[in-house]
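Undergrad: how would this look folded up:
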Amino acid sequence: MIRRFPLLRDAGNLANLINDVGFLPFFANSIPGFSIEETTPGELWFSEGTDGPWEWKDPAIRAANCAYGKFYQGRAMYVSAEWFPDFCNYRRDGYDFEGFYGDGHAGRRDKRLMDALAEIGPAQGRELKRAAKFDPSDAKGFDGLLTRLQMQTFLLIDGIEYRVDRFGQVYGWGVCRYAAPEQRFGEDFLTDIYETPPGESGQRILRHLKKLLPDADEDALRALLGKPASGR
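TA: The predicted structure follows:
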């Protein structure tokens, strides 16, 4: 039987669960019960006047000091600060971005975007487009570019920003602010973990997931772990 998690009722509950389990997908997936979607009462989804998982995103990122992004098959997942260095080491296959690009694993648009991000710091997608001097042809497939860089763990969602009306009330859908993990957590965040072979980091994560979800299918756990970005 898949482990049952406590029901989530606010951003604080969510932050605690992220740090407790280490990896937490937003949407239902091939591991039954292992998602925010399945762990939140239905009345908290899109309920007027009541915050729910969509509104909890930014507060939970802050409270848990975790990583959030499209890390799981192109879909959103939280990863705790404890596990994110191993996750990056495995997904990046031991590369930093410059080495990854230098060895031919990333394209020119990827490089331009990452250079722009290094120059202007955490930014919304439209700001990155402008800073990277993307013309309309460059901008085609921009969302896919952002997703790919998140899956490779060179990029994460640093926070969610909302519009505020003249009365100080938040409205509309949140807009993602992107950052490199090194910008969010500091340049030294990944330094030590790069001394560990990427495969060892992957095995550590897999052992953790098996302990956390002992009845889950191993193929499903490996899908959550993902594959090294270099394809090696």
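
Undergrad: where do the strands sit along this structure?
TA: For the chain, the strands defined by DSSP state E cover 23-25, 67-72, 75-79, 123-124, 156-164, 170-179.

Undergrad: Is it possible to get CSV of those that adds mean pLDDT?
TA: Putting the strands of the chain into CSV (pLDDT from 0 to 100) gives the following:
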stretch, mean pLDDT
strand 23-25, 97
strand 67-72, 98
strand 75-79, 98
strand 123-124, 96
strand 156-164, 88
strand 170-179, 83
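
Undergrad: how about those strands in TSV, adding distance to Thr191 and mean neighbour count?
TA: The way it works is simple: take the backbone N, C-alpha and C, and place the C-beta from them, glycine included. Output for the strands of the chain, formatted as TSV (distance: least, Cβ to Cβ, whole Å; neighbours: other Cβ atoms under 10 Å):
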stretch	distance to Thr191	mean neighbour count
strand 23-25	22	23
strand 67-72	16	25
strand 75-79	18	22
strand 123-124	24	16
strand 156-164	18	18
strand 170-179	18	14
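
Undergrad: Out of these, which is closest to Leu212?
TA: With Cβ to Cβ as the measure, strand 23-25 is the member of the strands of the chain nearest Leu212 (8.0 Å).

Undergrad: Which residues outside that closest one are in contact with it?
TA: With contacts defined as Cβ atoms under 8 Å, 6 or more residues apart in numbering, strand 23-25 is touched by 17-18, 31, 34-36, 72, 75-80, 83, 87, 205, 209, 212, 224.

Undergrad: hang on, the earlier thing: could you point out which of the strands of the chain sits nearest Ala132?
TA: Among these, strand 123-124 comes nearest to Ala132, with 10.1 Å by Cβ to Cβ.

Undergrad: Sheet partners, orientation included, of the closest one?
TA: strand 170-179 (antiparallel) (DSSP bridges).

Undergrad: Centre-most residue in the chain?
TA: Per Cα atoms, centre = their mean, the C-alpha nearest to the average position across the chain is that of Gly69, at 2.2 Å.

Undergrad: beta partners for that residue?
TA: Per DSSP bridges, the residues bridged to Gly69 are Met77.

Undergrad: sorry, back to before: can you lay out the strands of the chain as JSON lines showing distance to Leu44?
TA: Converted to JSON lines, these look like this (distance: least, Cβ to Cβ, whole Å):
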{"stretch": "strand 23-25", "distance to Leu44": "16"}
{"stretch": "strand 67-72", "distance to Leu44": "19"}
{"stretch": "strand 75-79", "distance to Leu44": "17"}
{"stretch": "strand 123-124", "distance to Leu44": "27"}
{"stretch": "strand 156-164", "distance to Leu44": "17"}
{"stretch": "strand 170-179", "distance to Leu44": "16"}
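
Undergrad: Now do the helices for this structure: every range, in order, please.
TA: For the chain, the helices defined by DSSP state H occupy 11-21, 53-64, 84-92, 97-102, 108-120, 125-131, 136-139, 142-151, 181-185, 198-212, 218-225.

Undergrad: Just name the most buried of these.
TA: Sort the helices of the chain by mean neighbour count, taking mean count of other Cβ atoms under 10 Å, and helix 84-92 sits at the top with a mean of 25.

Undergrad: And that one, what does it pack against?
TA: With contacts taken as 3 or more Cβ pairs under 8 Å, 6 or more residues apart in numbering; DSSP states H and E, helix 84-92 sits against strand 67-72, helix 181-185, helix 198-212.
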